[in-house]
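Engineer: predicted structure and sequence below. I'll ask about it afterward.
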Amino acid sequence: MTRILIAIAAILGGIAAFVFSGVYDVGADTPHWPITRKIIEVMRDRAIAVRASDIRVPDLSSDQLILKGAGQYAAMCVGCHLAPDTAESEIRPGLYPQPPNLSKHALDPQTVFWVTKHGLKMSGMPAWGLGHDDATIWSIVAFVQKLPGMSPQQYKDIVAKAPPDEEMKAVDGKADEHGHEHGAAPANKSNPGAGHSH
């Protein structure tokens, strides 16, 4: 028993020494060690799967829901997750891990809803649920389901028709090219101080 306790203490001491040594590079421009990346990916995927498994997916076929989601996606998501025929953005090359290109990769709606609402720690993915209600998040999910295979022109057309994102206030009082306002705190009675990062 004493030997086991000594072994556990030695392991914990080694972990503590590693953590406090600063030897592990946390810079976003340096990839994780392969084993570290694998552990994080498995932990992330299992955590999402467990939490998303009980989410009930509503009817996502409404044209109005998809149209609203197009506007939300253009305002909040396209910089990281791209649009059809868009290879890169200003922010995307500096993100690690790289966000999935949602114009090419289809994800199940439960996963999209959970990740959009709750975000992902230490990934750059914000918890949009802090400033947007579930109905708005489901509109994004509805649009994302239609995004793969959409042509660049179809994307531009649907975004141009989308209603403005009323929950996001502009810092400079100007809307973007899609009529969407970016930046400061969303109108959220339960969390009036919550803001967004883009």
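Structural biologist: Looks like it came in fine.
Engineer: quick one, helices of the protein?
Structural biologist: Remark: helices assigned in the chain by DSSP state H are 2-21, 34-52, 63-76, 78-81, 109-118, 134-146, 152-161.
Engineer: quick one: closest of these to A127.
Structural biologist: Ranking the helices of the chain by their distance to A127 (criterion: C-beta to C-beta) puts helix 109-118 first, at 5.2 Å. From N, CA and C alone the C-beta is placed, and that goes for glycine too.
Engineer: mind saving the C-alpha coords of that closest one as CSV?
Structural biologist: Backbone C-alpha positions of helix 109-118 (Å, rounded to 0.1, in the frame of the first residue of the first chain) are rendered in CSV as follows:
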residue,chain,number,x,y,z
PRO,A,109,-28.3,19.0,-36.2
GLN,A,110,-28.0,18.0,-32.5
THR,A,111,-24.2,18.6,-32.6
VAL,A,112,-24.5,21.9,-34.4
PHE,A,113,-27.2,23.1,-32.0
TRP,A,114,-25.2,22.1,-28.8
VAL,A,115,-21.9,23.5,-30.0
THR,A,116,-23.4,26.7,-31.3
LYS,A,117,-25.3,27.3,-28.1
HIS,A,118,-22.6,26.3,-25.6
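Engineer: any idea what the spatially most central residue of the chain is bridged to?
Structural biologist: Central residue check for the chain by C-alpha atoms, centre = their mean: the C-alpha nearest the mean position is that of M125, 3.7 Å away. In this structure, M125 has beta-bridge partners L120, where bridges are defined by DSSP bridges.
Engineer: what sits against it?
Structural biologist: By C-beta atoms under 8 Å, 6 or more residues apart in numbering, M125 lies in contact with C80, P99, V115, G119.
Engineer: one step back: now render the helices of the chain as JSON lines, adding mean neighbour count and distance to A87.
Structural biologist: As requested, the helices of the chain are exported to JSON lines (neighbours: other C-beta atoms under 10 Å; distance: least, C-beta to C-beta, whole Å):
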{"stretch": "helix 2-21", "mean neighbour count": "9", "distance to A87": "38"}
{"stretch": "helix 34-52", "mean neighbour count": "12", "distance to A87": "23"}
{"stretch": "helix 63-76", "mean neighbour count": "22", "distance to A87": "17"}
{"stretch": "helix 78-81", "mean neighbour count": "19", "distance to A87": "13"}
{"stretch": "helix 109-118", "mean neighbour count": "21", "distance to A87": "22"}
{"stretch": "helix 134-146", "mean neighbour count": "22", "distance to A87": "19"}
{"stretch": "helix 152-161", "mean neighbour count": "15", "distance to A87": "12"}
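Engineer: noted, bye for now.
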